[in-house]
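Asks: from the sequence below, what's the structure:
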Amino acid sequence: MKRQFLKTILWSVTVFLFSVPSVSVGEIIGTLTDPCNLSITGYTDIISAKVEKSGLQLTFYITTRSPIPASVTDPCSITYIWFVDADNNPQTGQNPGGNVGSEFNVRAVITPTVEGWVDITGAWSPGGGQGTVAINGNELKMTINMSQIGSPDLFHFRCDACTWNGSQTENSNGVTPESCEVWASKYAVLYDASQRYYGIDQNCTVLRCDEGDPLNPQTATLAEHETWTNEGQSEPQFNTIVAADNGDEHLIQSLGNSDFLHLRTL
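Replies: Alright, predicted model coming up:
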């Protein structure tokens with residue numbers, strides 16, 4: 001009876017993890033804020049920034065203190081830029097100032113027209129290309145495909161904005177001191193329901209879930225598999241799961257457990 005009860009508990013954990021919903025349309029996956037700077041033009045003074053994910057597309061946003069012009073006269077221009085640290089190492093890629101190392105720059109430029117590009121600034125490839133830019137009041141957004149920044153599972157970004165008067169840069173916001181962490185991929189943790197003992201021999205598998213087919217073990221990519229034993233039976237045991245993807249190590253889950261009543265995933 002006790003064995004069957006434990007089996008039911010662990011099976012419930014597995015079923016719960018499989019029921020996690022897929023990434024919703026326009027889900028915000030990263031945000032940052034920036035202090036107000038009244039000494040520069042309002043439309044280059046960044047107030048906040050964010051990234052939304054919809055399918056395999058990412059939309060980068062910048063919100064400024066005042067409305068953003070839809071066009072400016074040649075040779076002037078306005079530039080909005082997101083510095084994307086795709087390998088999460090500030091010592092690699094382009095360093096525009098501060099603790100930044102960008103492999104890609106997502107860049108929107110306003111001239112008599114509005115255009116957007118993804119510049120390759122580091123060693124990651126493939127990537128780059130054009131993006132779609134839209135302006136709505138004091139908000140500018142640029143939509144790209146994940147592959148244009150190398151399809152990272154995890155990346156960081158900072159922002160900047162400035163004007164160009166034809167000979168020099170003016171009204172620079174400066175690179176945002178805050179860096180935003182963005183998880184762009186989904187992961188699932190699965191437990192082996194055949195291990196049903198008080199002194200847990202825990203068998204854990206971390207799966208990277210395919211877009212549009214969430215938490216399907218038949219199509220998901222194995223990121224990590226790990227087994228451990230809690231010899232003390234009553235003392236909590238904590239483990240760190242690190243998954244390797246594209247040669248880079250990313251912390252996926254931290255797990256702690258002591259018995260079936262205290263099994264938990266953070």
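Asks: where does residue 50 fall, secondary structure wise?
Replies: strand 46-54 (DSSP states H and E).
Asks: what packs against that strand?
Replies: strand 27-33, strand 57-64, strand 154-164, strand 180-183 (3 or more CB pairs under 8 Å, 6 or more residues apart in numbering; DSSP states H and E). All C-beta atoms are positioned from the backbone trio N, CA, C, and that covers glycine.
Asks: and residue 21, what pLDDT?
Replies: Residue 21 carries a pLDDT value of 30.
Asks: follow-up on the earlier one: alpha carbons of the strand holding residue 50, as CSV, please.
Replies: Output in CSV follows, covering the C-alpha atoms of strand 46-54 (Å, rounded to 0.1, in the frame of the first residue of the first chain):
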residue,chain,number,x,y,z
ILE,A,46,15.6,55.2,-22.2
ILE,A,47,13.1,54.5,-19.4
SER,A,48,12.7,50.7,-19.8
ALA,A,49,13.4,47.9,-22.2
LYS,A,50,12.1,44.3,-22.6
VAL,A,51,12.0,41.3,-24.8
GLU,A,52,9.0,39.3,-25.9
LYS,A,53,8.9,35.8,-27.4
SER,A,54,6.3,34.5,-29.8
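Asks: which parts of it are buried?
Replies: 46, 47, 48, 49, 50, 51, 52, 53 (16 or more other CB atoms under 10 Å).
Asks: cool, and stretch 100-118?
Replies: So stretch 100-118, judged by 16+ other CB under 10 Å, has buried residues 100-111, 114, 116-118.
Asks: same thing with stretch 149-161?
Replies: Buried, per 16+ other CB under 10 Å, within stretch 149-161: 149-161.
Asks: a markdown table for the residues you listed, including pLDDT and distance to residue 81?
Replies: Formatted as a markdown table, the buried residues of stretch 149-161 follow (pLDDT from 0 to 100; distance: CB to CB, whole Å):
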| residue | pLDDT | distance to residue 81 |
| --- | --- | --- |
| 149 | 96 | 13 |
| 150 | 92 | 17 |
| 151 | 89 | 20 |
| 152 | 88 | 18 |
| 153 | 83 | 23 |
| 154 | 85 | 20 |
| 155 | 91 | 15 |
| 156 | 92 | 14 |
| 157 | 95 | 10 |
| 158 | 96 | 9 |
| 159 | 96 | 7 |
| 160 | 97 | 5 |
| 161 | 98 | 7 |
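Asks: now those residues in JSON lines, with distance to residue 87?
Replies: As requested, the buried residues of stretch 149-161 are arranged in JSON lines below (distance: CB to CB, whole Å):
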{"residue": "149", "distance to residue 87": "11"}
{"residue": "150", "distance to residue 87": "8"}
{"residue": "151", "distance to residue 87": "12"}
{"residue": "152", "distance to residue 87": "7"}
{"residue": "153", "distance to residue 87": "11"}
{"residue": "154", "distance to residue 87": "10"}
{"residue": "155", "distance to residue 87": "8"}
{"residue": "156", "distance to residue 87": "10"}
{"residue": "157", "distance to residue 87": "13"}
{"residue": "158", "distance to residue 87": "15"}
{"residue": "159", "distance to residue 87": "19"}
{"residue": "160", "distance to residue 87": "20"}
{"residue": "161", "distance to residue 87": "24"}
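Asks: now compare the residues you listed and name the two farthest from each other.
Replies: Farthest-apart pair in the buried residues of stretch 149-161 is 153 and 161; separation 27.8 Å (CB to CB).
Asks: one step back: of the buried residues of stretch 149-161, which is the nearest to residue 61?
Replies: residue 159 (9.6 Å).
Asks: gap between that closest one and residue 72?
Replies: Computed as CB to CB, to the nearest Å, the residue 159 to residue 72 distance reads 20 Å.
Asks: next one: residue 184
Replies: Applying CB to CB to residue 184 and residue 72 gives a distance of 33 Å.
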